[in-house]
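**Q** Sequence first, then the predicted structure:
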Amino acid sequence: MSFLKRWRASPKNLYGPDVPEAPVERLNLSGVQVSFKRPSQTAPLPAPPAIKQFDMLSESAYDGLLDNSRAYAEALLRTGWNYYAGLSSSDSIGRLVLHIAINRTIHERTHVDSLMKLCNHIDLVCEMLEGSYGSWNEEKLKDNEIPSGDTQRYKDQYFYRYPKIKEDFEVKAINNFEWLKYSVGTPGYPHRVYFRAAIGHSNSLSVSFAPNRHIDDYFSPDTNLPEAVDKTINDIMNSMEIKLSPEAELQRREVLGDAG
């Protein structure tokens, strides 16, 4: 079937990863079980073996992995796929990179300020984004020595766009689990799509998708690359399931007020 789909592929009918037929990948994060469909990698990019078991509750597991002075992050998995308009590998038009990481806030949290409380999770993500993309935007202004009269035009054309308030996030229920969805990028280019799920008072899972096109405009009407990428993202996320450990489930119940 794969060969037949590649043979029939065209710029308007791209062939990408076959998520429904892909095997299931499983991650164990201190007893929190994460599973999802993972197609075999086709994009030529460095991809170390997945960390299928990680002690997210151990402080030493995050040694040397400081992120924005607010959270530690450990990459669990990186892979990617090409999108083809024919049988040959030279017919690849674009690709999508998947990156999964586990985050842990520096300070231990309780049910009062738990990341399982939506407002707390959003606040932390906003702080992290402002600490990275906000700083990069300011560096762009300094590095390019933009005249004061052109500042707003420059910002509109080249600044990273990222969530800053609660309304900038979409809250999605995927297989009975709550996720934050948002995107980051610059005007005219494909944006990186993020999904984040709180899996403990101090821990969250980050799943991001980075699309790009090898040549020309990503949004060119000559191909259906954006639609093909969106389908892959939706297929993978719709297969994503999280089962909390007994400890994490108790933390969730504490936040919801039914831990009796």
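**A** Received the coordinates, thanks.

**Q** And L180, its phi and psi?
**A** Dihedral angles of L180 (phi, psi; degrees, to the nearest 10) stand at phi -90, psi 130.

**Q** wait, what's in contact with the closest residue to it other than its chain neighbours?
**A** The shortest distance from L180 to any non-neighbouring residue, by CB to CB, 6 or more residues apart in numbering, is to R196 (4.6 Å). Backbone N, C-alpha and C define where each C-beta goes, glycine included. The contact partners of R196, taken as CB atoms under 8 Å, 6 or more residues apart in numbering, are 121, 125, 179-180, 204-207.

**Q** wait, which of those residues is closest to K5?
**A** When the contacts of R196 are ranked by distance to K5 (CB to CB), V207 comes first, at 25.6 Å.

**Q** ok, back up a step: how close does the residue nearest to L180 sit to L205?
**A** Distance of R196 to L205, computed by CB to CB, to the nearest Å: 7 Å.

**Q** and whichever strand or helix holds L141, how far out from the chain's middle?
**A** Element membership for L141, per DSSP states H and E: helix 135-144. Chain-centre distance of helix 135-144: 24 Å, with CA atoms, centre = their mean, to the nearest Å.

**Q** Okay, buried residues for that helix please.
**A** For helix 135-144, the neighbour count (16 or more other CB atoms under 10 Å) marks 137, 140 as buried.

**Q** Likewise for stretch 208-221?
**A** Under the neighbour-count criterion of 16+ other CB under 10 Å, stretch 208-221 has 208-213, 218 buried.

**Q** For those residues, work out which two are farthest apart.
**A** Taking CB to CB as the measure, the buried residues of stretch 208-221 span a maximum distance of 17.9 Å, between S208 and R213.

**Q** C-terminal to the helix or strand of the chain with the lowest mean pLDDT, what's the next element?
**A** Every helix and strand of the chain was ranked by mean pLDDT, DSSP states H and E. The lowest is strand 66-67, at a mean of 58. Per DSSP H and E, strand 66-67 leads on to strand 71-84 as the next helix or strand towards the C-terminus.

**Q** same for that following strand, what does it pack against?
**A** Counting contacts by 3 or more CB pairs under 8 Å, 6 or more residues apart in numbering; DSSP states H and E, strand 71-84 packs against strand 24-29, strand 92-105, helix 225-238.

**Q** Find the one among those with the highest mean neighbour count.
**A** Among the helices and strands packed on strand 71-84, the stretch with the highest mean neighbour count (mean count of other CB atoms under 10 Å) is strand 92-105, at a mean of 22.

**Q** what pairs with it, and is each one parallel or antiparallel?
**A** Using DSSP bridges, strand 92-105 pairs in its sheet with strand 71-84 (antiparallel), strand 203-213 (antiparallel).

**Q** could you dump these to JSON lines with mean pLDDT and distance to A248?
**A** JSON lines is the format used below for these (pLDDT from 0 to 100; distance: least, CB to CB, whole Å):
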{"stretch": "strand 71-84", "mean pLDDT": "90", "distance to A248": "17"}
{"stretch": "strand 203-213", "mean pLDDT": "96", "distance to A248": "8"}
